[in-house]
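Trainee: Take this sequence and fold it.
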Amino acid sequence: MLGRLASGHQVEGPGVVAPITASSYLDGVSPGGLRSHLRDVFDELWIVDLGGEGRGARADENVFAIRTPVTIAFGIRTGGPRKGCEVRYLAVEGTRDEKLAQLGKLDLLGAPVAAIEGTGLARLTPVSAAEYHEWPETSDPSRWSSQA
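Mentor: Next up is the predicted model:
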């Protein structure tokens with residue numbers, strides 16, 4: 001894995017990092033730079049989205065005693081030549097007990113994961129096939145103006 005020792009010496013090589021964190025960085029606007037960095041550092045990124053939104057209209061039971069959705073990200077660096085980052089996503093759904101049971105027998109290589117396309121700032125979650133994803137964003141006024 002790419003990192004720095006306390007001495008400041010840069011280290012490259014194989015490694016795995018698996019943080020359990022809030023899932024807002026997966027598709028939020030502000031953490032796009034983090035998504036880009038993860039794609040730059042890792043050869044593979046496996047996202048296991050545990051959900052757990054406890055504040056919205058459609059509450060989802062969390063595996064922890066919190067109301068913030070969480071995810072486990074497995075960042076893998078092979079140490080070989082870089083060819084980009086393959087991102088795979090898996091949502092674990094159900095009650096707290098069902099989610100924990102699924103995690104207990106999870107086999108990522110055999111799980112029904114979704115390949116996530118994109119580079120840089122692109123989200124780390126699947127995008128539906130809905131047509132509205134092709135519409136211009138309201139934050140891009142140049143696509144809404146016309147010359148008369």
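Trainee: mind listing the helices for the chain?
Mentor: When assigned using DSSP state H, the helices of the chain occupy the ranges 32-41, 96-104.
Trainee: quick one, what contacts the residue lying closest to G32 once chain neighbours are set aside?
Mentor: If you skip the residues right next to it in sequence, G32 has L121 as its closest partner in space, 3.5 Å away by C-beta to C-beta, 6 or more residues apart in numbering. All C-beta spots, glycine's among them, are computed from the backbone N, C-alpha and C. With contacts taken as C-beta atoms under 8 Å, 6 or more residues apart in numbering, L121 has the following neighbours: 32-33, 35-36.
Trainee: among those residues, which two are most distant?
Mentor: G33 and R35 (7.3 Å; C-beta to C-beta).
Trainee: So for stretch 85-98, what gets flagged as buried?
Mentor: Neighbour-count burial for stretch 85-98 flags 85, 87-90, 92 (criterion: 16 or more other C-beta atoms under 10 Å).
Trainee: ok, back up a step: now do the residue nearest to G32, the pLDDT please.
Mentor: Model confidence at L121, expressed as pLDDT, equals 93.
Trainee: so how far is G94 from it?
Mentor: Counting by C-beta to C-beta, to the nearest Å, the gap between L121 and G94 amounts to 31 Å.
Trainee: likewise E131?
Mentor: E131 is 30 Å from G94, where distance means C-beta to C-beta.
Trainee: How about L103?
Mentor: 11 Å.
Trainee: One more: D60?
Mentor: The gap separating D60 from G94 is 9 Å, by C-beta to C-beta.
Trainee: D49 too?
Mentor: Distance of D49 to G94, given as C-beta to C-beta: 13 Å.
Trainee: Next, find the distance separating S23 from P136.
Mentor: 27 Å.
Trainee: Ignore what I typed, I meant R123.
Mentor: Distance of R123 to P136, computed by C-beta to C-beta: 17 Å.
Trainee: Neighbour count for these two, which is higher?
Mentor: More neighbours sit around R123 than around the other of R123 and P136, counting by other C-beta atoms under 10 Å; the figures are 17 against 10.
Trainee: right, and that one touches S36 too?
Mentor: No. R123 lies out of contact with S36 (C-beta atoms under 8 Å); the separation is 11.3 Å.
Trainee: quick one: low-confidence parts of this protein?
Mentor: 1-11, 133, 137-148 (pLDDT under 70).
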